[in-house]
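Asker: pasting a predicted model and its sequence here:
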Amino acid sequence: MKPWLSASVTSMGEPVRALTRRPEVAALPANVEVVAGDLTVPESLDAALSDVGAVFLVWTVPRLRTAAGQADADPPQRDGLG
């Protein structure tokens with residue numbers, strides 16, 4: 001989570017909860033509640049989404065693999081978003 005996002009939301013008086021697979025390594029501000037969960041494991045989301053009124057989803061694009069199985073250093077750019 002980018003610091004500007006949590007600061008923006010908390011400045012409006014809204015609580016912020018961050019979902020992560022590894023909460024023990026999440027380096028987030030003290031006013032952000034960090035919970036464990038995984039979007040690919042639906043049963044992990046029930047408790048994490050309890051009493052949540054809105055979601056800001058950031059989905060990272062996995063690194064592409066070459067035919068030899070090596071990670072592609074530069075994922076393709078699309079529509080100027082890269």
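Answerer: The structure has been received and is ready for your questions. Numbers count the residues shown, from 1 in each chain.
Asker: all helices of the chain, in order?
Answerer: Taking DSSP state H to define them, one finds helices in the chain at 3-11, 45-48.
Asker: same list (the ones you listed) but as CSV, adding distance to Leu39, mean pLDDT and mean neighbour count.
Answerer: Quick note: C-beta positions are derived from backbone N, CA and C, even for glycine. Shown next, in CSV, are the helices of the chain (distance: least, CB to CB, whole Å; pLDDT from 0 to 100; neighbours: other CB atoms under 10 Å):
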stretch, distance to Leu39, mean pLDDT, mean neighbour count
helix 3-11, 18, 74, 13
helix 45-48, 7, 90, 13
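Asker: closest to Leu19 out of these?
Answerer: Proximity to Leu19 (CB to CB) singles out helix 45-48 among those, at 5.2 Å.
Asker: give me the distance from the closest one to the chain's centre.
Answerer: With CA atoms, centre = their mean, to the nearest Å as the basis, helix 45-48 stands 15 Å off its chain's centre.
Asker: give me the contacts around that helix.
Answerer: Applying CB atoms under 8 Å, 6 or more residues apart in numbering, the external contacts of helix 45-48 come out as Arg17, Leu19, Val35, Ala36, Gly37, Leu39.
Asker: can you list the helices of the chain in JSON lines and add distance to Leu57?
Answerer: Shown next, in JSON lines, are the helices of the chain (distance: least, CB to CB, whole Å):
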{"stretch": "helix 3-11", "distance to Leu57": "12"}
{"stretch": "helix 45-48", "distance to Leu57": "12"}
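Asker: noted, bye for now.
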